[in-house]
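Student: coordinates only, sequence not included:
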Ligand code: HDE
């Protein structure tokens, strides 16, 4: 018997992947026949009926008819990218046998898919929603999928509630409204009757759910996992991704406008950043703790509605992921990629978190329905780099050609191969956790605190972040039509914090002692003192890492930021160049947004226009600069869109810079010059001061002048 009896792909034929990659100039049908006319279908006479015999027409239309596959039931809208992961050193070998986390010489390829949860495939990127953050590591020991979110707790504790949660947030089934939005009755009906959702609700109402870009999001594995060392020792671990370009968000008004102006905003900037060589990067962070430590916490680490505060167990940054290549084909890669939390490598194992346990079933099940066959694992994007060799056979769309007659184990006809791999040679062995217990359908008592960590999150916010939560909840519940649901929600919010509950009640007309609604400035004052008692938070009242204003994952930087230079014919070309150079020096980018495409005349020089004011609003930029040039400024002053462009950037808290000549334009847009509030007169401040302002991202000290989030 030949040794390679069971080796896949022993055929001499090229694989389909190899065949389709053979460069060809010839237009063919799907079976390789050359096509002489792709413009006209076959008909009986030039003005006669089409003929059934036209196999080229039928093949082309039939393939087209079947181009769509079912979209993901959740996380349908996504954007993906290829990259690499490398661990910094071997210090983790004390905790885990996973080579991807201990061999610093390895560069592991990864594919990452970011997603929104509720919207369908064609929905807008900037909906208020959780973002999926799924990473597939193609390790030498097989694929490892870390299928996480950008928010560390989850809504529910038990997988059995997931279909209910998702049904409630999806468009209401009788009329399929609203798309990609949680602001509706069924969602809040479910939430108001499910207090365990309160912690995650606070996160979703915060700015975390409207990220500035995918590169500005943290990622979290959510569940507690296990690390297993080569010696079989187990510890608990929580996974984090820390963005090296910091955590930043949109404001709600901006997010809503972007949904119409550029529904692909996140997808586009991920693509553009990678094309421009400005590769998004994250550090992998770990919180490692023992089971004994976990037993001391006043919350249960198996409860996915809780996080482990970083002030309790610090995050150790252990390696870096860089996204450096865009997919070649959206469908083949981003759409067909299939993640599963069950994809693990030796050295990592599950915990008994009942949400995670349910997920272990769901993902394989859903891939078979979505991709139509258990052979989805053979798709190029899902195939491991580690060789595959087993006795699984056949099924729809099977591509592997397994030679020989042996497809069972044990066998002697195939030389007993492929054979099991013992643990010491890298075979996966489940951690032998001792188990006793009674079969029950029951939540553990240790899962019963539903408000403590919601309070911890609330307390940890800066006043402006608290204000955004108040405004978001006022907005969302303002859209709920059934009063009883609104009243229940007010009671939950009051338990989290009295000021939060009262402010939302006021906006809903439910405050008994109703007075005038406080202004933004008055509200900020109230919120400075709005602190709650906490429980289930490891004794902490605040956790610094939860605020993105007070504590960011990276120092301020303009890397990846885009500044609009607003200009018309007659612009001062020198001013334009100064700002472009100052930004480029720090890794930022400026685009000339002109009154027309082509070039602008500028004192004998020409300034190339990147976008026009007609097609490109200020919401797609991080800051705006107005160069000098009397004719340019005069033309802009007479354009309502240009005046609004600057006014809106200011109201959204963004840096605004102007040459001295352009100060009167600022006045026209209602923008007061004040460097401390991010409005720079470049005859007094340098271009570098403006760039530093852009790096700050937002100027919340303009409160009162801001459009609230
Ligand atoms: Fe998922 N989830 N999920 N989920 N999830 C899916 O699998 C599910 C949960 C997450 O870019 C589905 O391939 C159940 C938590 C991401 O392709 C499905 C439960 C977290 C993605 C599914 C959860 C996630 C999914 C739909 C409760 C954060 C997108 C399509 C027990 C840790 C992956 C698919 C991608 C996708 C089920 C809860 C993250 C139906 C039953 C908690 C990032 O299998």
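Tutor: Cool, the structure landed. Keep in mind it's a predicted model, so treat the numbers as computed, not measured.

Student: Please report phi then psi for the residue in the stretch 201-350 of the chain positioned nearest to the ligand.
Tutor: Residue nearest to the ligand within the stretch 201-350 of the chain: residue 222 (3.5 Å; CB to the nearest ligand atom). For the C-beta atoms, the positions are set from N, CA and C on the backbone; glycine is no exception. The phi/psi pair for residue 222 (degrees, to the nearest 10) reads phi 70, psi -70.

Student: got it, and residue 642?
Tutor: phi -70, psi -40.

Student: Secondary structure element for the residue nearest to it when sequence neighbours are not counted, which one?
Tutor: Once flanking residues are discounted, residue 642 sits nearest to residue 636: 4.1 Å by CB to CB, 6 or more residues apart in numbering. Assigned by DSSP states H and E, residue 636 belongs to helix 630-637.

Student: picking up where we left off before, pLDDT wise, what is the residue nearest to residue 642 at?
Tutor: At residue 636, the pLDDT value in this model is 97.

Student: same deal with the one 10 residues further on?
Tutor: What the model reports for residue 646 is a pLDDT of 96.

Student: Bridged to whichever residue of the chain sits closest to the ligand, which residues?
Tutor: Proximity of the chain to the ligand (CB to the nearest ligand atom) peaks at residue 132, 2.7 Å away. The partner list for residue 132 in beta bridges (DSSP bridges) reads residue 115, residue 149.

Student: Surely the residue nearest to residue 642 touches residue 668?
Tutor: No - counting by CB atoms under 8 Å, residue 636 stays clear of residue 668, with 9.2 Å between them.

Student: And those two? Which one has more around it.
Tutor: residue 636 (26 against 16; other CB atoms under 10 Å).

Student: May I have the residues that are in contact with that one?
Tutor: Taking CB atoms under 8 Å, 6 or more residues apart in numbering as the criterion, residue 636 is in contact with 566, 567, 568, 595, 626, 642, 643, 665.

Student: picking that back up, can you mark which positions in the helix holding residue 636 are buried?
Tutor: 632, 633, 635, 636 (16 or more other CB atoms under 10 Å).

Student: Can you pick out the most distant pair from those residues?
Tutor: 633 and 635 (7.4 Å; CB to CB).

Student: anything in contact with each of those two?
Tutor: residue 568.

Student: List the contacts of the longest helix that the chain contains.
Tutor: Looking across the chain with DSSP state H, the single longest helix is helix 354-371. Applying CB under 8 Å, 6+ apart, the contact partners of helix 354-371 are 69-70, 72-73, 147, 154, 156-160, 162, 223, 302, 304, 336, 338-342, 350, 374, 376, 379.

Student: Likewise for stretch 603-614?
Tutor: 564, 566-567, 571-573, 576, 591-600, 639, 641-642, 645.

Student: Which ones among those residues lie within helices?
Tutor: Checked against DSSP H, the contacts of stretch 603-614 include these in helices: 573, 576, 641, 642, 645.

Student: could you dump the residues you listed to CSV with distance to residue 205 and neighbour count?
Tutor: Below are these laid out as CSV (distance: CB to CB, whole Å; neighbours: other CB atoms under 10 Å):
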residue, distance to residue 205, neighbour count
573, 46, 18
576, 41, 25
641, 32, 16
642, 34, 24
645, 29, 24
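
Student: hmm, back to that, pretty sure the residue of the chain closest to the ligand sits against residue 78.
Tutor: Yes - contact criterion CB under 8 Å: residue 132 and residue 78 qualify, at 6.9 Å.

Student: And residue 236, its phi and psi?
Tutor: Per degrees, to the nearest 10, the backbone of residue 236 is at phi -90, psi 150.

Student: Tell me the confidence at residue 18?
Tutor: Residue 18 carries a pLDDT value of 63.

Student: mind listing what the residue of the stretch 201-350 of the chain closest to the ligand touches?
Tutor: For residue 222, the contacting residues are 148, 149, 152, 153, 154, 304, by CB under 8 Å, 6+ apart.

Student: what do you get for residue 171?
Tutor: Taking CB under 8 Å, 6+ apart as the test, what residue 171 contacts is 177, 178, 179.

Student: and which of the residues you listed is nearest residue 533?
Tutor: Proximity of these to residue 533 was ranked by CB to CB; the top entry is residue 178 with 35.9 Å.

Student: Identify the residues contacting that closest one.
Tutor: Here residue 178 is in contact with 171, 172, 184 (criterion: CB under 8 Å, 6+ apart).

Student: swap the cut-off to 10 Å and go again
Tutor: When contacts are counted by CB atoms under 10 Å, 6 or more residues apart in numbering, residue 178 touches 118, 119, 127, 170, 171, 172, 184, 187, 479.

Student: Now tabulate these in TSV and tack on distance to residue 493, secondary structure and pLDDT.
Tutor: Output for these, formatted as TSV (distance: CB to CB, whole Å; DSSP: H, G, I helix; E, B strand; the rest coil; pLDDT from 0 to 100):
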residue	distance to residue 493	secondary structure	pLDDT
118	21	coil	98
119	25	coil	98
127	22	coil	98
170	24	coil	98
171	25	coil	98
172	23	strand	98
184	18	coil	98
187	15	helix	98
479	16	coil	98
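
Student: can I get those in CSV with distance to residue 654?
Tutor: Shown next, in CSV, are these (distance: CB to CB, whole Å):
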residue, distance to residue 654
118, 28
119, 26
127, 21
170, 34
171, 33
172, 36
184, 31
187, 31
479, 27
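
Student: Quick one: buried ones out of those?
Tutor: Buried among these (16+ other CB under 10 Å): 118, 119, 127, 170, 171, 184, 187.

Student: Intersect the residues you listed with the contacts of the ligand.
Tutor: The subset of those lying close to the ligand, counting by CB under 6 Å from any ligand atom, is empty.

Student: From residue 238, how far off is residue 351?
Tutor: Distance, residue 351 to residue 238, using CB to CB, to the nearest Å: 10 Å.

Student: Now list whatever residues contact both of the two.
Tutor: 223, 224, 225, 301.

Student: Quick check: what element follows the lowest-mean-pLDDT helix or strand in the chain along the chain?
Tutor: Here the helix or strand of the chain ranked lowest by mean pLDDT, DSSP states H and E is helix 16-21, holding a mean of 59. Next helix or strand after helix 16-21 toward the C-terminus (DSSP H and E): helix 55-65.

Student: What are the contacting residues of that next one?
Tutor: So helix 55-65 is contacted by 29-31, 33, 35-38, 40-43, 50-52, 54 (CB under 10 Å, 6+ apart).

Student: ok, so of the buried residues of helix 630-637, who is nearest residue 617?
Tutor: Proximity of the buried residues of helix 630-637 to residue 617, judged by CB to CB, is greatest for residue 636, which lies at 14.7 Å.

Student: isn't residue 113 right up against residue 132?
Tutor: Yes - using CB atoms under 10 Å, residue 113 is in contact with residue 132, at 7.0 Å.

Student: sorry, back to before: near the ligand, list only the ones from the contacts of helix 55-65.
Tutor: Of the contacts of helix 55-65, not one also sits near the ligand (CB under 6 Å from any ligand atom).

Student: Next to the ligand, which bits of the stretch 151-300 of the chain? Give me the list.
Tutor: 154, 159, 162, 222.
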